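A.B. asks: Sequence first, predicted coordinates after that:
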Amino acid sequence: MGYLVFALAFWIAAWAVNGALVSHAFATPTGAVAARVSVPALFGLAVLVAWECTVRGLAISPILLPPPSAIAARLAVSVPVLWADFEQTFLRSVLPGYIIGCGAGFVAAILIDRSPFLQRGLLPIGNLVSALPMVGVAPIMVMWFGFDWQSKVAVVVIVTFFPMLVSAVEGLAAAGRMERDLMRTYAADWRQTMLMLRLPAAAPFIFNALKINSTLALIGAIVAEFFGTPTVGMGFRIATEVGRSNIDMVWAEIAVAAVVGSLFYGLVALTGRALTFWHPSNRGGRA
Amino acid sequence: MRAATSLLRERILPVLVVVAAILVVWHVFVVVMNAPFERDQAARAGMSPSFAEIVPRTFSQTRPVLPAPHQIAAELWDTTVNKAITSKRSLIYHASVTLSAALAGFVIGSLLGIGLAIALIHSRVLDSSLMPWVIASQTVPIIAIAPMVIVVLNAVGITGLLPKAMISAYLSFFPVAVGAVTGLRSADRLLLDMMRTYSASKAQIFWKVRWPSSLPYVFASLKIAVAAALVGAIVGELPTGAVAGLGARLLSGSYYGQTVQIWSALVMAAVVGAGLVALVGLVQSVVLRRMEGR
């Protein structure tokens, strides 16, 4: 009972502090930034405290919902296993597949760029395929390429190819008519126009696809592992530990997947922002 | 008449040509990928058939590495038209199991997402506490929790449609919440100020300005959400073993090497997915057109 009262008190206190932080007008920009970061952080902490205290206070079985402290303890003692899973799923499956899939989509977009006929034929199909449950190809890839990382790479390639193709084609069409005419008056050839005008103009679209694909790639690899793996990998670990009722290990793996997913996304987003600093979406808004 | 022929030449013809090219490449791959098995079989029987003898056989294997399109079409026809809908072998039965879970989850998730968005735009504290987490959660492979949700809910005694629907709801919740917040914020400042000069209540501002101006954003994210809900329902069928649904068809097909069954389940999933997105798109165009008319 004490736990529940404490959780409620902590929640109300955190809410009050956040309310004060949000409505307070900060004199310095650093203060405002600190407040913007600490408000969600405090909220996250309040959720964790509420979770921990509710599980303890109501004596919920750890097989249903383990408390965060148990998950953290499990995370700390199983670093080698988690690292091996990370290596198998992320370094061996997601990264190569992501690079091959995005690269192939990009190259395909450049190739069909010269043919309006192919563009009109491929774009509707690409758009359709992008909306389909593509992870369904996982069992076929596992059958073709075996249980190990090769089949996961294949799934990731298929999942990331079409979003990149569609975005890159759209991006290559983004350069304005006037600028293209200007390049023509300079007697620029196709390669020069591409490098100096059209690829930079397409960069925001391409990075958008790269960001979407970073999430899709991880999902593709994890789901593909549900269909068969060697005895290592994030998806494999989640599926088997669920079967063995080690729910704290499942949560630890999910925590790792969440951190990996957001870091991957963040890295791609930061690179994109650094390379397309000139684009209005990266310039406006924030002082 | 002229518009019709140009539509035919500009839009439909390129797509048809590309589809035809894909089919040709597919048939070539059928021969290339299925031939080793036939050679192997023939070698065991002590024969050495010519290439021309092998080719027709590659199109009619029972468990081909890559089934030919006509085999998939035959399987689809057989499992949809020739089977009673209630039969466990009917693909329509399995598709309807998955579809009902996906739709239930989509409705729950979208309503919750829109509800959260409305709460977020009216509470600054909630907005700055929760919104960063909602955005961050989009970068996380949420699907990883699917097996746990299914098994834990099974342990509590909740089985059947609801656990799968919850995964679908969870997957469709976040895109809708983000899209709805963006949309509700996109209302024209001038219109909002004007409503204030009319001393309109919060509810009136919401229904007459914010909600209508958010609809294009909401519909864009509803399309993403409905596709995500279908993926959620399919993945949600994997951990319980192959009971029913398109995910179960994929799983049992991969257990028993029934490639034709996998491919036909995949085609069915594609049809259902495209249908759902098209349906949301249809509702979108009808609603937005009627709004313009006002």
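C.D. replies: Thanks, I have the structure now.
A.B. asks: so A:V260 makes contact with A:L218?
C.D. replies: Yes - under the criterion of Cβ atoms under 8 Å, A:V260 makes contact with A:L218 at 7.0 Å. Glycine gets a C-beta too; all of them are placed from N, C-alpha and C.
A.B. asks: Which neighbours do those two have in common?
C.D. replies: In terms of Cβ atoms under 8 Å, 6 or more residues apart in numbering or on different chains, A:V260 and A:L218 are both contacted by the residues A:F90.
A.B. asks: Which residues of the stretch 151-287 of chain A lie near chain B?
C.D. replies: A:214-215, A:218-219, A:222-223, A:226-228, A:234-235, A:238-239, A:242-243, A:247, A:250-251, A:253-254, A:257-258, A:261-262, A:264-266 (Cβ under 8 Å from any Cβ of the partner chain).
A.B. asks: Please repeat the previous calculation with a cut-off of 6 Å.
C.D. replies: A:215, A:218-219, A:222-223, A:226-227, A:238-239, A:242, A:250, A:254, A:257-258, A:261-262, A:265 (Cβ under 6 Å from any Cβ of the partner chain).
A.B. asks: From the residues you listed, which land in helices?
C.D. replies: Under the assignment DSSP state H, those contribute A:215, A:218-219, A:222-223, A:226, A:238-239, A:242, A:250, A:254, A:257-258, A:261-262, A:265 to helices.
A.B. asks: circling back: neighbour count for A:V260 and A:L218, which is higher?
C.D. replies: A:L218 (29 against 19; other Cβ atoms under 10 Å in any protein chain shown).
A.B. asks: Chain neighbours aside, what residue packs nearest to B:H70?
C.D. replies: B:F59 (7.4 Å; Cβ to Cβ, 6 or more residues apart in numbering or on different chains).
A.B. asks: Does that neighbour touch B:P67 like I think?
C.D. replies: No - B:F59 is beyond contact range of B:P67, at 8.9 Å (criterion: Cβ atoms under 6 Å).
A.B. asks: low-confidence ranges in the stretch 151-294 of chain B?
C.D. replies: Within the stretch 151-294 of chain B, the segments meeting pLDDT under 70 span B:240-242, B:293-294.
A.B. asks: of all of it, which residue lies closest to chain A?
C.D. replies: As assessed by Cβ to the nearest Cβ, chain A sits closest to B:S254 within the stretch 151-294 of chain B, at 3.5 Å.
A.B. asks: What about that residue, how many residues nearby?
C.D. replies: With other Cβ under 10 Å as criterion, B:S254 counts 20.
A.B. asks: That one and A:S245: what is the separation?
C.D. replies: 25 Å (Cβ to Cβ, to the nearest Å).
A.B. asks: same thing with A:R56?
C.D. replies: 20 Å.
A.B. asks: List the contacts of the spatially most central residue of chain A.
C.D. replies: Centroid-nearest residue in chain A, with Cα atoms, centre = their mean: A:T215, separated by 3.0 Å. The neighbours of A:T215, taking Cβ atoms under 6 Å, 6 or more residues apart in numbering or on different chains as the test, are B:T139.
A.B. asks: neighbour count winner among B:F59 and B:P67?
C.D. replies: Using other Cβ under 10 Å, the more surrounded residue of B:F59 and B:P67 is B:P67, with 27 against 16.
A.B. asks: pretty sure the more buried one contacts B:Q261?
C.D. replies: No - shown here, B:P67 and B:Q261 do not form a contact pair, counting by Cβ under 6 Å, at 9.5 Å.
A.B. asks: Output the set of residues of the stretch 1-150 of chain B in proximity to chain A.
C.D. replies: Counting by Cβ under 6 Å from any Cβ, the stretch 1-150 of chain B comes close to chain A at B:14-15, B:17-18, B:124-125, B:128-129, B:132, B:136, B:139-141, B:143-145, B:147-148.
A.B. asks: domains in chain A, as residue ranges please.
C.D. replies: A:2-60, A:77-283 (automatic domain parsing).
A.B. asks: closest one to B:A165 among those?
C.D. replies: For the domains of chain A, proximity to B:A165 was assessed by Cβ to Cβ; domain A:77-283 is nearest, at 16.1 Å.
A.B. asks: Check the offset of the closest one from the chain's centre.
C.D. replies: Between the centre of domain A:77-283 and the centre of its chain there are 9 Å (Cα atoms, centre = their mean, to the nearest Å).
A.B. asks: name the element the nearest residue to B:I262 once chain neighbours are set aside belongs to?
C.D. replies: In space, and not counting its chain neighbours, B:I262 is closest to B:G253: 3.8 Å by Cβ to Cβ, 6+ apart. Per DSSP states H and E, B:G253 falls inside helix B:246-256.
A.B. asks: Can you name every helix or strand that that helix contacts?
C.D. replies: helix B:91-122, helix B:259-293 (3 or more Cβ pairs under 6 Å, 6 or more residues apart in numbering or on different chains; DSSP states H and E).
A.B. asks: For the stretch 1-150 of chain A, which segments count as helices?
C.D. replies: A:2-23, A:29-57, A:68-77, A:79-86, A:95-113, A:116-130, A:138-145, A:149-172 (DSSP state H, counting those that start in this stretch).
A.B. asks: just these: most buried one?
C.D. replies: Across those, averaging neighbours per residue (mean count of other Cβ atoms under 10 Å in any protein chain shown) puts helix A:149-172 on top, at a mean of 25.
A.B. asks: Extract the C-alpha trace of that helix and format it as CSV.
C.D. replies: What follows is helix A:149-172 as a C-alpha-only set of coordinates in CSV (Å, rounded to 0.1, in the frame of the first residue of the first chain):
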residue,chain,number,x,y,z
TRP,A,149,22.1,-13.8,-41.4
GLN,A,150,22.0,-14.1,-45.2
SER,A,151,18.2,-14.6,-45.2
LYS,A,152,17.8,-11.6,-42.8
VAL,A,153,19.9,-9.4,-45.1
ALA,A,154,17.7,-10.5,-48.0
VAL,A,155,14.5,-9.5,-46.1
VAL,A,156,16.0,-6.1,-45.1
VAL,A,157,17.1,-5.5,-48.7
ILE,A,158,13.5,-6.1,-50.0
VAL,A,159,11.9,-4.1,-47.2
THR,A,160,14.2,-1.0,-47.8
PHE,A,161,14.4,-1.1,-51.6
PHE,A,162,11.0,0.3,-52.5
PRO,A,163,10.7,3.2,-50.1
MET,A,164,14.2,4.4,-51.3
LEU,A,165,13.3,3.9,-55.0
VAL,A,166,10.1,5.9,-54.7
SER,A,167,11.6,8.7,-52.6
ALA,A,168,14.7,9.0,-54.8
VAL,A,169,12.7,9.2,-58.0
GLU,A,170,10.5,11.9,-56.4
GLY,A,171,13.6,13.7,-55.2
LEU,A,172,15.3,13.7,-58.6
